[in-house]
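Q: Need a 3D model of the following:
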Amino acid sequence: MSQKVAFTEKKFIVTLIFVTSLFLMWGVLHSMSDVLNKHFQNVLNLSIADSGLIQFSVFGAYFIMSYPAGYFMKKFGYKAGVILGLVLFAVGLFLFVPAANAASFSFFRIALFIVGCGMATLETVAHPFAAALGDQRKSDLRVNFAQTFNAVGTIIGPAIGGFFLLGGDAVKNTDLTSVKTLYVAIGIVVLLIAVVFAFLKIPALVDPHGAEAADPEAVNVDVAPTKKLYQHSHFVWACAAQFFNVAAQSGTWAFFINYGVSVMHFTDTKAAYFMSLFMGMMLLGRIVGTSLMTVMAPNKLLTIFAAGNILMCVIVAQHLGWPSYIALLMINFFFSIMFPTIFSLGLKNLGSHTQQASSFIAMGVVGGAVFPFIMGQIANHNVATAYYLPIICYAVIFMFGYKFYKVKTV
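A: Sure thing, here's the model as predicted:
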């Protein structure tokens, strides 16, 4: 009789709580950067397209930092990787003070790039870290559990940003005091987490990818150990799918508030609060999607959700008022399961290549660096029309889930 596999072990519970808090934290900061788009348009007189360079700075850091972060994690371990990520995170946040004093968008982009380096390090380390905190047959469930708190963070971020940056007198505040206060406060919290984590005793972990493949359900077996990493076609397609996935996500998030203001005629603050509902749809989608995965293959669900977002983007672009706005909210529902599902499908059966593959798939986040600027060029003229562009991205994800997810043994 097969023994029931536990979600995690008692000795890992405290560590798992801390690791899960990291997912929450970068969710808050990611979604707050989309509020910064509108705030900088107001205070620094940026165009919609130029404000998209915020995402270029953050997501561009992922491309540069993900592979070094993976190497650092492999050499020094998960704990050192987390501390490095938190320190980079805090340094970037504290740099908002001189950037605000200079009222320099270029300086802000440098600070955001360093914040992005911290995020990239944490994200590269936290996914395999969460997966390692217990039996590997429950690793996907632990990662999706942690990702749920990331979704919670994306709900909190716009609410905080909307209140401090777009609410009340903040809109009229041209000296960026609200930005300094908010980001320094978050930086102090990040540093405190780093200090606590430094003293946290991590139980001994077993690297599942270096273990003997006695149980193909428990470890990630390389079905073709002589093949080079790039010869695994499902991995290559996963990198492409992740690139376009984050491209679509970052563009959709970056101009969500602009859509509310330009198309729905909301105030900045109201549009920011609707963004919390928008992020709540991602949390709902992740809960529903995780439940559906118990009865449906992940690749099939990914295909259905990608098709759903193609339809939603078409409706959003039609400028139909509330029907289009509801479709815009639904984009985040369908987006919900895409990042972790693409990640896990791309890492299937890679054996000793898994850690390196994780870094490369994480580097696919660079799609978020280039797409908002391209989308912003169209949004400068018509923000609704700009939502035709993500259809290209979801078409690639559809093809990955429908056909190219398959692991080939030869």
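
Q: helices and strands of the chain: which one bottoms out on pLDDT?
A: Ranked by mean pLDDT, DSSP states H and E, the helix or strand of the chain with the weakest confidence is helix 354-363, at a mean of 77.

Q: ok, residues contacting that helix?
A: Helix 354-363 is touched from outside by 62-63, 66-67, 69-71, 73-74, 120, 123-124, 127-128, 209, 220, 229, 232, 235, 238-239, 242, 342-343, 346-347, 350, with contacts defined as Cβ atoms under 8 Å, 6 or more residues apart in numbering. For glycine as for every other residue, the C-beta is placed from the backbone atoms N, C-alpha and C.

Q: Leu191: helix or strand, and which one exactly?
A: helix 177-199 (DSSP states H and E).

Q: re earlier: so what does the helix or strand following the least confident helix or strand of the chain touch, helix or strand wise?
A: The element immediately downstream of helix 354-363 (helix or strand, assigned by DSSP H and E) is helix 367-379. When contacts are defined as 3 or more Cβ pairs under 8 Å, 6 or more residues apart in numbering; DSSP states H and E, helix 367-379 sits against helix 48-51, helix 53-76, helix 233-254, helix 390-399.

Q: Now do the SS call for Thr294.
A: Three-state call for Thr294 (DSSP: H, G, I helix; E, B strand; the rest coil): coil.

Q: ok, it to Val288 distance?
A: The gap separating Thr294 from Val288 is 11 Å, by Cβ to Cβ, to the nearest Å.

Q: Lowest average confidence across the helices and strands packed on helix 367-379, which one?
A: Mean pLDDT is lowest for helix 48-51 among the helices and strands packed on helix 367-379, at a mean of 80.

Q: Pull it out as CSV, backbone CA atoms only.
A: C-alpha atoms of helix 48-51 as CSV (Å, rounded to 0.1, in the frame of the first residue of the first chain):
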residue,chain,number,x,y,z
ILE,A,48,2.6,56.5,-21.1
ALA,A,49,5.3,54.9,-23.3
ASP,A,50,8.2,56.4,-21.2
SER,A,51,6.6,55.2,-18.0
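
Q: So His265: helix, strand or coil?
A: Taking three-state DSSP as the rule, one finds His265 in the coil state.

Q: I'd like to know how far it sits from Asn332.
A: Applying Cβ to Cβ to His265 and Asn332 gives a distance of 21 Å.

Q: Report the angle between the least confident helix or strand of the chain and helix 233-254.
A: Angle of helix 354-363 versus helix 233-254, following axes from the mean of the first three to the mean of the last three Cα atoms, to 10 degrees, is 30 degrees.

Q: Compare Thr294 and Val288 and say which one has the larger neighbour count.
A: The neighbour comparison of Thr294 against Val288 (other Cβ atoms under 10 Å) goes to Val288, with 14 against 7.

Q: Give me the secondary structure label for that one.
A: helix.

Q: residues touching it, list them.
A: Contacts of Val288 by Cβ under 8 Å, 6+ apart are 333, 336.

Q: So which bits of the least confident helix or strand of the chain are buried?
A: 354-363 (16 or more other Cβ atoms under 10 Å).

Q: Distance from it to the middle of the chain?
A: Offset of helix 354-363 from its chain centre (Cα atoms, centre = their mean, to the nearest Å): 15 Å.

Q: hey, C-alpha coordinates of that helix in PDB?
A: Output in PDB follows, covering the C-alpha atoms of helix 354-363 (Å, rounded to 0.1, in the frame of the first residue of the first chain):
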ATOM      1  CA  THR A 354      17.200  21.300 -13.600                       C
ATOM      2  CA  GLN A 355      18.900  24.100 -11.600                       C
ATOM      3  CA  GLN A 356      20.500  25.500 -14.800                       C
ATOM      4  CA  ALA A 357      17.100  25.200 -16.600                       C
ATOM      5  CA  SER A 358      15.400  27.000 -13.700                       C
ATOM      6  CA  SER A 359      17.700  30.000 -14.200                       C
ATOM      7  CA  PHE A 360      17.100  30.100 -17.900                       C
ATOM      8  CA  ILE A 361      13.300  29.900 -17.600                       C
ATOM      9  CA  ALA A 362      13.500  32.700 -14.900                       C
ATOM     10  CA  MET A 363      15.500  34.800 -17.500                       C
END
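
Q: could we number from 730 for the rest of this?
A: Let's use 730 as the start, then, which means that last one is helix 1083-1092.

Q: what angle sits between it and helix 782-805?
A: With the same axes, to 10 degrees defining the directions, helix 1083-1092 sits at 170 degrees from helix 782-805.

Q: which of the residues in the helix holding Leu920 are buried?
A: Quick answer for helix 906-928 (16+ other Cβ under 10 Å): 907-909, 911-912, 915-916, 919-920, 922-923, 926.
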